[in-house]
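Colleague: The sequence and its predicted three-dimensional model are supplied below.
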Amino acid sequence: MPPSADALFSDQWLTLREPADHRARDAQLTHAADRWLSRRATPVRALEIQRTLVDLGCGSGSNLRYLAPRLHGAQHWRLIDHDAELLAHARLRCEPLVSADGQPIHLETRELSLVDAWKHGLQGADLVTASALFDLLTTADADALAETCHINNCAVLFALSVDGHIRFHDASGAPLFSDDDQFMLAALEAHQRRDKGSGSAMGTQAPRHLRESLHRRGYHVREATSPWRLGPESLPLAEALLAGWRSALDEQLPQQSRRIERWHTQRLEGLMREQLTLTVGHRDLFATPPESDGVGAPA
Ligand SMILES: C[S@@+](CC[C@H](N)C(=O)[O-])C[C@H]1O[C@@H](n2cnc3c(N)ncnc32)[C@H](O)[C@@H]1O
């Protein structure tokens with residue numbers, strides 16, 4: 001089945017969001033993943049043993065560009081996405097990367113749907129990771145992923161899952177929440193949860209479902225917030241984000257186009273005149289499997 005339009009992303013959008021993504025991520029959870037991977041490879045020559053890391057929905061490789069230079073030791077990365085063009089960009093841009101201790105990384109790309117990834121993509125994985133992915137998936141996907149990770153006894157590091165905490169702030173930093181903000185943000189949330197081809201998407205409920213699904217399988221779960229904070233220096237990203245929200249709102253509320261246009265114009269002008277900033281909430285999650293209790297459960 002070809003990917004639905006909701007599950008296709010341009011390299012341009014992924015490139016635009018990458019600096020904000022990298023600034024927002026929780027560094028402590030990455031350190032915890034690094035420590036866990038090092039301890040899993042002990043006792044002998046930990047840094048020479050190659051870990052297998054799987055990046056689900058890798059796009060053009062932003063998650064790998066963040067993680068590879070922050071993790072120690074030899075790394076074999078398996079990049080999985082259903083978009084062949086993005087996989088090609090990822091390979092080209094990630095091949096020169098080295099690990100935190102200067103070792104070259106090995107890359108493998110697989111053009112696969114995530115459903116196929118649960119079945120054939122995670123063998124031998126030490127760490128399964130993903131960024132900005134889970135709002136698109138269903139609760140059944142979250143359960144299938146948690147189950148496959150459990151069977152493979154691997155840790156997971158899932159970054160930048162949207163949590164629905166979106167606020168505009170005025171120049172003093174005070175949050176705004178007008179009737180229009182409330183109305184539009186609720187409609188955006190409903191749009192995110194639409195069926196993307198295999199059932200209702202988790203949208204902003206993804207962090208909760210992932211946490212619960214991993215907990216049920218005995219995983220030790222640690223979470224942190226990783227919000228985008230978009231000020232004047234991030235105007236191109238905020239502009240593109242608001243344009244995307246406007247299209248989504250037009251689809252969700254076709255009878256409300258004038259109200260949507262007015263809200264969009266007001267909020268965009270506020271950002272452009274540096275009267276407003278925008279916070280977009282995400283959560284990061286790091287979890288280790290029960291069998292690894294002695295191997296660095298998250299502190
Ligand atoms: C929002 S992008 C995030 C990309 C990348 N992880 C990043 O942080 O820049 C979501 C990615 O998931 C991929 N994707 C979405 N649904 C998928 C599916 N069912 N199977 C495989 N890949 C999928 C898209 O092609 C896209 O590259």
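Modeller: It's in. If you're wondering where the values come from, they're calculated on a predicted model, not measured in any experiment. Residues are numbered from 1 along each chain as shown.
Colleague: Look up how far the ligand lies from the residue lying closest to residue 138 once chain neighbours are set aside.
Modeller: In space, and not counting its chain neighbours, residue 138 is closest to residue 199: 4.2 Å by C-beta to C-beta, 6 or more residues apart in numbering. Bear in mind the C-beta positions are built from the backbone N, C-alpha and C, glycine included. Distance, residue 199 to the ligand, using C-beta to the nearest ligand atom, to the nearest Å: 12 Å.
Colleague: cool, and residue 144?
Modeller: Distance, residue 144 to the ligand, using C-beta to the nearest ligand atom: 12 Å.
Colleague: on that earlier part again, list the contacts for the residue nearest to residue 138?
Modeller: Residue 199 makes contacts with 138-140, as judged by C-beta atoms under 8 Å, 6 or more residues apart in numbering.
Colleague: what's stretch 75-91 in contact with?
Modeller: 3, 7-9, 11, 14, 50-61, 64, 68, 94, 99, 103, 105-114, 117, 121, 125.
Colleague: Show me which of the residues you listed are buried.
Modeller: Buried subset of those (neighbour count, 16 or more other C-beta atoms under 10 Å): 7, 9, 11, 14, 51-61, 64, 68, 94, 99, 103, 105, 107, 109-110, 112-114, 117, 121, 125.
Colleague: Of the contacts of residue 199, which is the most crowded?
Modeller: residue 138 (20 neighbours; other C-beta atoms under 10 Å).
Colleague: I figured residue 64 hits residue 95, correct?
Modeller: No - counting by C-beta atoms under 8 Å, residue 64 stays clear of residue 95, with 10.5 Å between them.
Colleague: In helices, which of the contacts of stretch 75-91 appear?
Modeller: 11, 14, 64, 94, 114 (DSSP state H).
Colleague: can you redo those as JSON lines with pLDDT?
Modeller: Formatted as JSON lines, the ones in helices among the contacts of stretch 75-91 follow (pLDDT from 0 to 100):
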{"residue": "11", "pLDDT": "93"}
{"residue": "14", "pLDDT": "96"}
{"residue": "64", "pLDDT": "98"}
{"residue": "94", "pLDDT": "97"}
{"residue": "114", "pLDDT": "93"}
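Colleague: Now cross-check these against the ligand and list the overlap.
Modeller: 14, 114 (C-beta under 6 Å from any ligand atom).
Colleague: where in this structure is pLDDT low?
Modeller: Applying pLDDT under 70 to the chain picks out residues 1-5, 7, 41-48, 292-299.
Colleague: Name the residues of it found near the ligand, please.
Modeller: 7, 9, 14, 21, 57-59, 62-63, 81-83, 86, 113-114, 131-133, 136.
Colleague: which ones are touching residue 241?
Modeller: 230, 278, 280.
Colleague: Check the gap between it and the ligand for me.
Modeller: As judged by C-beta to the nearest ligand atom, residue 241 and the ligand stand 12 Å apart.
Colleague: mind listing what's buried in stretch 26-36?
Modeller: 26, 29-30, 32-34, 36.
Colleague: so how far is that stretch from its chain's centroid?
Modeller: 16 Å (C-alpha atoms, centre = their mean, to the nearest Å).
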